[in-house]
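Trainee: pasting the structure only:
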């Protein structure tokens, strides 16, 4: 049976991470999760807005909530952790009466802020369960060694996100295993990649993201799997920049988990848009199906 | 003489040899009155009778007969009293023999008087679901449903919850349509001040005869009632609404969680004061708080003689 | 009744906002008041003399003192009455300081209120009666629960004082946590060298009966006369026969049993003697690990035991003991650090607890005193200590400070340097709590002489790398982030109430706080008493404590017991319930509600009647409210006494 | 002695000796200013509080009654306040049906260390009673009875 959710793509889905959006829609379709776009949705203000003004940030979100509430759906889901954090934080803040009134006054419409809000990842894991997904797999990712990278806000702050273990999340791990990939234990699962300071303090990004790539490589991973447009862009788009700054030679493909899922479920290339990735996934994808070799000594 | 009564007489006759006494009813000096009948011999048995006019809760006599082999004719409501008495070890199950009958509802003679506009009653005949009343002025027919005792409208079982012998023949229930407004309903409708005024006025009429207490099957203090003791000295003897209302509060709280609403206190009151209402209010609260009703289960403990560390229906309040 | 009223100024404490003279004057108009005056300090020597004189001069037979709270001076004035030859229960206090002068500024209102409180007191006093304490025999044996250092100290002090002592220990050996420590701060002397002899004393003391591998099953009775049943858990070894030779351990084929004594560092044999200095030194079979007991074959130990002590068929056994006092010394347990995901949540083999580290340091430990990493046995060079793991952290419901972690961490840093001279210790701390003789000097030595690097800040995460760990944290003094390479991480886990503490408290009828630590009688003035007469506390069961504090409490509790037993009979508090037999109808409602089982149903001329066991009754009054006819009354708080107060306040 | 007209109302407190009486002392030692209306009757335990003491106080003209004991679980006698909690909950209904506003009665838990809380409880409850004003007392309400025609209502 299919479930209807109000779908909030988030701005990056319109550009830098269009492949995330496309593969997400494809994945949900094949798993019977029906996405209904929130009509005339607007930017949630992540991440600058809340840094400058909570009321502004909340109002930006509240408008979207209000529209979603007018739809007949089970809840709101979004692929982007950053949007997710904003949506969830706001609907929590809206429980405070005074704040609630202020925001409604600004957006000039009633906002109940009572719809459940989840990430696409959480919905997939909880609605379908890895085991169920495993049954749909037509092209197992056998031989592909991946490290799951959740990013710093997919599960944190725990009280707000209330999903998975904030220090050692395993949802991506379980999903990837279900798809047949080999998941390596990754210490930086929830480290920050520095995305939000990417423009103002590049050296920070190259250091933080650099370490993520270094460790992934030293573990012998063929690829990094992400669930966040910011992280993906940082690690993928900036990989050369990072290499230059740290004098490394990484050629580490950075997949969205939805892309690999699509691959395993045998979806058409056009639903995966591997072509959008800056670091070529070709070598990694050759591993799929190839006989697994010795794992390099740790 | 109904089939019902004959069968009952037969049952008792069989059991009588093994019993010291059997509690039943018989008609009083007039058709409008009923008195308890203490059956020791077969001759007594011939006087046994019952119907809507026979209203007393015979269980009230059981504690004082503790230690003797006693039979008792029992309706649904009375059986709750028996269960409550058993619960509190005030009587022993093995000493009592319960003759269960199916109740047809009990008439509140006061309501009959009201129904005929206070005319002087000559006789009262009860039919299937009507009461025909002959007064000095003439004859009236009143629907039985209008003149039953309050407890009948909340009747939970016409037949006793426990019994040793049971009259097989069943009588139909006479409850049709809405229950008339009860005293408690009227009190609920009032403002607190009016309620207080109501009690002051009622207690002003109270003649402090303690009939309510003496009729109550659960007033087990017997001669030790605090109403007349100096140690403890809960009441002074001044004839004021204050002291008399205090006594009603004492009675209500002493029976809280134990009272089965048999209504004997109110029936016995010569001044027609609705003293049952207070107990009904407490029972209502106890049902809500502890999901408990007195006299339903021999094994349970009255709610005020126990506690739970977590009371799911009790909320902390603040003083504001 | 001739009542005397004394209104105390308490210097200016009361007189400042209450017109005491007026209060005394008002008092003269109250019924039965024969004498009333105000006085400067009623509790002072002259003050009390004044009361005694007035009693003599005016033939007073009841006294009201209006002054401070009865919780302060009721006992004082009751003695005064006794010195004047009056029964001490013919006395009432009106609290016009804490409840009047200190909380209100309006002198008129205060004075009126004070007068009314006096009126209440007088009204109650008029209903007071002489009460006389009963006497009862006491059993001069004491049970100590818990054989840690506090329990050992308490047991030895009681035994040396000539008392018969029952020492009950849950594990198979006494010694508690201290026996597991390598060295102790701040003197760095060997823990087992100072504790060992005490343990031997316990074993050899003629006055001490030791029940190891035993737990308290139930406690009945009251001060002076407790009936205790003790469960001796099956050891599958006849301890009468066992000589502790240890041959069974050498031959036991099941070598993967949990090693409780070594805190899970390594494993041990199914039949086991925890450590060489164990008291009693007897073998115990771990039923889960034993092949014979689980699979029904093997029995190697039985075959070669020189004294045929093995008893596979052995069952738990319940023994009864009668004692007059109980000392609870059940100690503490350590916080479960796996709750901290950022420290690996137990996933990293080389992230260990401080007590596990003690076992690594200990010469009698599983590594023979050589510090080795659990994962690969390598000797660590960089050791990171993280403090306040499960202390001062509301997010894990441990807001309190465990008190001794700062000190043992410093000790462990020092010992680390001694064991591995070319090692470097890093200590992440929140604050250094080192009050106590030579304590702060000790932590300084760790830093200055032993070069431990102290970093003020919390650790955000521990990440495994190739063969080592990266510990990330904040340096709040430098205001910077730090990353430390660590071969071994030691978590200074905090103390929490020992498992089952709550259940034991229920059995002992003593109260315990939200964390399971037992409540002392008074936070300042009764540190080792409880609110249940005859039950005392020693050591960490009352709250985290270091060794000297625990030993001090052990001795303190012992001295309390000695004092209690210095009399041959105890006086029972007469403020208990009593039954007016002629009013009792024997409905037994009071019996069913009494929290202490202090009411028995008896027969009187063939009628059932309630009767109170005065020594068991604690005087709560629940029964008095239960009894509809008021046949059972709580002495000194009877219905009439309370009604008198109500009527005095609300005279209508 | 009568209450000071216009300045105070009659508020009676029943406190357990171990927790709340101690809490009131703590408030005093802390010099936490409180309204003066309350008069405290000290009992060993809220388990000793007979709901009828409260009824008696009201029928005798009290304007408010406050009962306070140890927090559930902390009772010095382990169970006294558990019994009290049930009895006092039932009492509220009795007061109501008697025509005594249940708001005039309050029970709460204050430990010996909660001086601040005690000050708050006393201040709040006293304020509440002053909002409600003096309680209806006997004589004064016969009039109400007549005008509301209650005499013949039942």
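Mentor: Yep, that arrived. The structure presented is a predicted model; accordingly, all values stated were derived computationally and were not measured.
Trainee: surely residue C:472 forms part of a strand?
Mentor: Yes - membership of residue C:472 in a strand is supported by DSSP: H, G, I helix; E, B strand; the rest coil.
Trainee: surely it and residue C:481 touch.
Mentor: Yes - applying CB atoms under 8 Å, one finds residue C:472 in contact with residue C:481, separated by 6.9 Å. Backbone N, C-alpha and C define where each C-beta goes, glycine included.
Trainee: which one's more surrounded, the two?
Mentor: Legend: neighbour count by other CB atoms under 10 Å in any protein chain shown for residue C:472 and residue C:481, higher for residue C:472 (16 against 11).
Trainee: and the pLDDT at whatever residue of the stretch 301-450 of chain C ends up closest to chain B?
Mentor: Chain B sits closest to residue C:397 of the stretch 301-450 of chain C, with a gap of 18.9 Å, by CB to the nearest CB. You'll see residue C:397 listed with a pLDDT of 93.
Trainee: name the element the closest residue to chain A within chain D belongs to?
Mentor: Nearest to chain A in chain D, going by CB to the nearest CB, is residue D:124, at a distance of 21.7 Å. Using DSSP states H and E, residue D:124 maps to helix D:115-132.
Trainee: average pLDDT for that helix, rounded please.
Mentor: Taken as a whole, helix D:115-132 has an average pLDDT of 96.
Trainee: and it, what's buried?
Mentor: Neighbour-count burial for helix D:115-132 flags D:115, D:117-126, D:128-130 (criterion: 16 or more other CB atoms under 10 Å in any protein chain shown).
Trainee: go on, stretch A:201-216?
Mentor: A:205-206, A:208-216.
Trainee: likewise for stretch C:262-280?
Mentor: C:262-265, C:268-275, C:277-280.
Trainee: dump the residue contacts of whichever residue of chain A sits closest to chain C.
Mentor: Residue nearest to chain C within chain A: residue A:167 (2.8 Å; CB to the nearest CB). With CB atoms under 8 Å, 6 or more residues apart in numbering or on different chains as the criterion, the residues that contact residue A:167 are A:190, C:341-342, C:345, C:461.
Trainee: any idea which of these has the most stuff around it?
Mentor: Neighbour max across these (other CB under 10 Å) = residue A:190, 23 neighbours.
Trainee: per-residue pLDDT, that one?
Mentor: 93.
Trainee: just the pLDDT at the closest residue to it other than its chain neighbours, thanks.
Mentor: For residue A:190, the nearest residue in space outside its immediate sequence neighbours is residue A:150; the separation is 5.4 Å by CB to CB, 6 or more residues apart in numbering or on different chains. For residue A:150, the model assigns a pLDDT of 96.
Trainee: hmm, residue A:150 is touching residue A:227, no?
Mentor: Yes - look at residue A:150 against residue A:227 with CB under 8 Å: they come within range, at 6.1 Å.
Trainee: tell me, how many residues neighbour the residue in the stretch 151-298 of chain A positioned nearest to chain D?
Mentor: Among all residues of the stretch 151-298 of chain A, residue A:159 sits closest to chain D, at 27.1 Å; criterion: CB to the nearest CB. Look at residue A:159: counted by other CB under 10 Å, it has 9 neighbours.
Trainee: now residue C:544
Mentor: Residue neighbour count, defined by other CB under 10 Å, stands at 22 for residue C:544.
Trainee: mind listing the strands in the chain by residue range?
Mentor: Reading this off chain A. A:3-7, A:33-37, A:76-78, A:117-119, A:145-149, A:182-183, A:223-226, A:254-256 (DSSP state E).
Trainee: wait, I meant chain D there
Mentor: Ranges of strands within chain D are D:11-16, D:38-43, D:64-69, D:105-109, based on DSSP E.
Trainee: to residue A:276, which of those strands lies closest?
Mentor: strand D:105-109 (63.4 Å; CB to CB).
Trainee: just to revisit the earlier point, what's the residue of the stretch 301-450 of chain C closest to chain B sitting at in phi/psi?
Mentor: phi 60, psi 40 (degrees, to the nearest 10).
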